[in-house]
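Undergrad: Pasting the sequence and the predicted coordinates here, then a few questions.
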Amino acid sequence: MSHHRLTPSIHEQQNQLAGALKALRTTLELPGPFPEDVLRDAQAAVAEHKLPDLDFTHVEFVTIDPASSTDLDQALFIERNGEGYNVLYAIADVPSFVAPGGALDAETRRRGQTFYTPDGRIPLHPEVISEAAGSLLAGQLCAAFVWEFELDAAAEVTSVLVRRAQVRSRAKLSYKGVQAELDAGTATPLLQLLKEVGIKRVELERLRGGASLNMPEQEIQQLPDGGYRIVAAPPLPVEDWNAQISLMTGMAAAGLMLQGKVGILRTMPAPDEASLRHFHRQTHALGKPWDGETPYGEYLRTLDPTDPRQLAIVHSAGMLFRGAGYTPFDGTVPQAAVQSAIGAAYAHSTAPLRRLIDRFVLVICEALSNGTEVPSWAREALPSLPAIMATSDQLAARLERLALDTVEAALLVNHVGQEFDAVVISGSRPAKSASGSGTNGNGGKSNGNGNGPSGIVQIAEPAVTARCPGELEPGTQVRVRVVSSDIATREIRLELVG
């Protein structure tokens, strides 16, 4: 893990950074506070809420999330069933709080998803729902969609049923805590089974040709003194195992909707031949050649992002994961139904507190699973959802990039003139001139040095990714000097040393 912090003594930079981050809300026209009629809707929904008749409170569910999370969408229970497994996956019953056609419904369609900013999140639903009555908090009696899976010895799904039920989570666990317990051999049987099933589901993903990027994530963390740091670290193994349960649910949701011929899928086309040829050349140039015959997803699993040249391959592989979208259907099954990175048909279904589309998928799947009529409000919304989600996803991605740009500029503002070791993660190309956003759309800040050759470099400490001018070869280690760094414009200027 790599991190660097702003020291408490640089109050002026901290104030400037706080102002620049706050300004992103205005610059990007992010949603503001919930209107009064929306808050009234939410409060009335909580006050009048009725739990389902089906009682699953005997099931010892647990939640596993980042330690600071309070909007808990999923709770998990796993037990052995002969040579196979029973998996119960409870998803927050958000639809039971949102009246179709009401003010809250309209506001969630306007937002599309929860937006995460360094100085706090902008929730999809008012907190009385998202962090209280609708969240699967430990000890709280909650309404949920419970997905009941039977798995065979290889963790393949043999049956699935979705029912609304009342549940009570037993514990709020964190990824770091669970990983530590698993590593120490002190984890509960449930968590040991999560690891066992997760590993088997990863193998099934490999067999069906699924692929994922083991990209080190950059996370902005706020410090107690008011400063910020960027933490860059690969995901923990338990995050992948837990994600496999969510992916399994999304695949089951897609299967139910395709069988019922109504719903909305998350789709992504397979990489085109030109992208595959370019990636093939890149891997050879970087010293870990892909033969072009092994499925690229299997090849990507062999990469070590802590190795500079392999990290450059991971970044280059981004070209293979393009074109994701949403495909609604009603009456006719779409021809292009597969999400190629998953290697199967898939639907968003496990994060309704934080993502609009899941609310519709859940009610459709519950109806199809039980042979009842799909609610007309869900059916009628399907054609409008792709545009809502595309707009929301684009805004969330831009917010994430600009927030990182801002914090990265702040991390270097007191290091002008200093030199750092860096890794080239993408090679030389003519750079676009600086724009008002301070970014160049390629994962790093503009270098402000015209249109000469340049590339993207990653400084390990502090964790900063930025464009640097010069003839740069991906995967090589270089020495760079900070020429300037401006928080307001989010512009970092680097130069090669030597």
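TA: Yep, that arrived.
Undergrad: Strands along the stretch 101-250 of the chain, start to end?
TA: 115-117, 120-122, 141-151, 157-168, 171-174, 217-222, 228-233 (DSSP state E, counting those that start in this stretch).
Undergrad: what's the most buried one of the ones you listed?
TA: Ranked by mean neighbour count under mean count of other CB atoms under 10 Å, the strands of the stretch 101-250 of the chain are led by strand 141-151, which reaches a mean of 23. (Each C-beta comes from the backbone N, C-alpha and C, glycine too.)
Undergrad: Domain parsing of this structure, as residue ranges.
TA: 1-30+390-498, 31-269+323-374, 273-320 (automatic domain parsing).
Undergrad: Out of these, the one nearest Ala381 is which?
TA: Closest approach to Ala381 among the domains of the chain is made by domain 31-269+323-374 (5.8 Å; CB to CB).
Undergrad: Relative to Ala254, which of the strands of the stretch 101-250 of the chain is closest?
TA: Across those, closest to Ala254 is strand 157-168 (CB to CB), at 11.3 Å.
Undergrad: Which residues does that closest one contact?
TA: With contacts defined as CB atoms under 8 Å, 6 or more residues apart in numbering, strand 157-168 is touched by 51-52, 54-57, 59, 61, 75, 84, 90, 93, 96, 136, 139-152, 248, 251-252, 255-256, 362, 365-366, 369-370.
Undergrad: Go through the domains of the chain and name the closest to Leu382.
TA: Closest to Leu382 of the domains of the chain is domain 31-269+323-374 (CB to CB; 3.9 Å).
Undergrad: Now that closest one: average pLDDT?
TA: Domain 31-269+323-374 carries an average pLDDT of 95.
Undergrad: can you check stretch 274-283 too?
TA: 88.
Undergrad: How about stretch 294-310?
TA: In the prediction, stretch 294-310 has an average pLDDT of 85.
Undergrad: Show me which positions of that stretch end up buried.
TA: Neighbour-count burial for stretch 294-310, counted by 16 or more other CB atoms under 10 Å, picks out 295-297, 299-300, 303, 305, 307-310.
Undergrad: That stretch: how far from the chain's middle?
TA: 20 Å (CA atoms, centre = their mean, to the nearest Å).
Undergrad: which residues are contacting that stretch?
TA: In contact with stretch 294-310 (CB under 8 Å, 6+ apart) are residues 205-206, 209-216, 234, 271, 276, 279, 283, 286-288, 290, 311, 313-314, 317, 320, 341, 343, 423-424, 474-477.
Undergrad: Quick one: buried ones out of the residues you listed?
TA: 205, 209-216, 234, 271, 276, 279, 283, 286, 288, 290, 311, 313-314, 317, 320, 341, 343, 423-424, 474-476.
Undergrad: Alpha carbons of stretch 98-114, as PDB, please.
TA: Extracted in PDB, the C-alpha atoms of stretch 98-114 (Å, rounded to 0.1, in the frame of the first residue of the first chain):
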ATOM      1  CA  VAL A  98     -40.300   4.200  -3.200                       C
ATOM      2  CA  ALA A  99     -43.900   4.700  -4.400                       C
ATOM      3  CA  PRO A 100     -44.000   4.600  -8.200                       C
ATOM      4  CA  GLY A 101     -44.800   8.100  -9.600                       C
ATOM      5  CA  GLY A 102     -44.100  10.000  -6.400                       C
ATOM      6  CA  ALA A 103     -41.600  12.700  -5.700                       C
ATOM      7  CA  LEU A 104     -39.000  10.300  -4.300                       C
ATOM      8  CA  ASP A 105     -39.300   8.100  -7.400                       C
ATOM      9  CA  ALA A 106     -38.800  11.100  -9.700                       C
ATOM     10  CA  GLU A 107     -35.800  12.400  -7.700                       C
ATOM     11  CA  THR A 108     -34.000   9.000  -7.800                       C
ATOM     12  CA  ARG A 109     -34.500   8.900 -11.600                       C
ATOM     13  CA  ARG A 110     -32.900  12.400 -11.800                       C
ATOM     14  CA  ARG A 111     -29.900  11.200  -9.800                       C
ATOM     15  CA  GLY A 112     -29.400   7.700 -11.100                       C
ATOM     16  CA  GLN A 113     -26.900   6.700  -8.400                       C
ATOM     17  CA  THR A 114     -25.000   7.700  -5.300                       C
END
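Undergrad: What are the buried residues along that stretch?
TA: Per 16+ other CB under 10 Å, stretch 98-114 contains these buried residues: 98, 102-105, 107-108, 111-114.
Undergrad: Which of those residues fall within helices?
TA: With helices taken from DSSP state H, the overlap with these comprises 103-105, 107-108, 111.
Undergrad: So which of those residues is the closest to Leu24?
TA: Arg111 (16.0 Å).
Undergrad: wait, isn't the closest one in contact with Ile388?
TA: No - shown here, Arg111 and Ile388 do not form a contact pair, counting by CB atoms under 8 Å, at 9.1 Å.
Undergrad: Please identify every residue contacting each of these two.
TA: Leu356.
Undergrad: what's the span of stretch 179-195, first residue to last?
TA: 10 Å (CA to CA, to the nearest Å).
Undergrad: How about stretch 220-229?
TA: Across stretch 220-229, first to last residue, CA to CA, it's 6 Å.
Undergrad: Also stretch 349-365?
TA: 9 Å.
Undergrad: and stretch 98-112, how far from the chain's centre?
TA: With CA atoms, centre = their mean as the basis, stretch 98-112 stands 23 Å off its chain's centre.
Undergrad: Residues contacting that stretch, please?
TA: By CB under 8 Å, 6+ apart, the surrounding residues in contact with stretch 98-112 are 31, 34-35, 37-38, 40-42, 45, 97, 122, 124-126, 355-356, 359, 375, 377, 384, 388-389, 391-393, 395.
Undergrad: Among the residues you listed, which ones are in strands?
TA: Ile122 (DSSP state E).
Undergrad: Next step: the contacts of stretch 98-112 restricted to helices.
TA: 37-38, 40-42, 45, 356, 359, 377, 388-389, 391-393, 395.
Undergrad: Looking at these, which one is closest to Val178?
TA: Arg359 (27.8 Å).
Undergrad: Name the nearest residue to the closest one, sequence neighbours excluded.
TA: Pro352 (4.7 Å; CB to CB, 6 or more residues apart in numbering).
Undergrad: where along the stretch 301-450 of the chain do the strands fall?
TA: All strands of the stretch 301-450 of the chain, identified by DSSP E, counting those that start in this stretch, fall at 325-330, 338-339, 344-345, 419-430.
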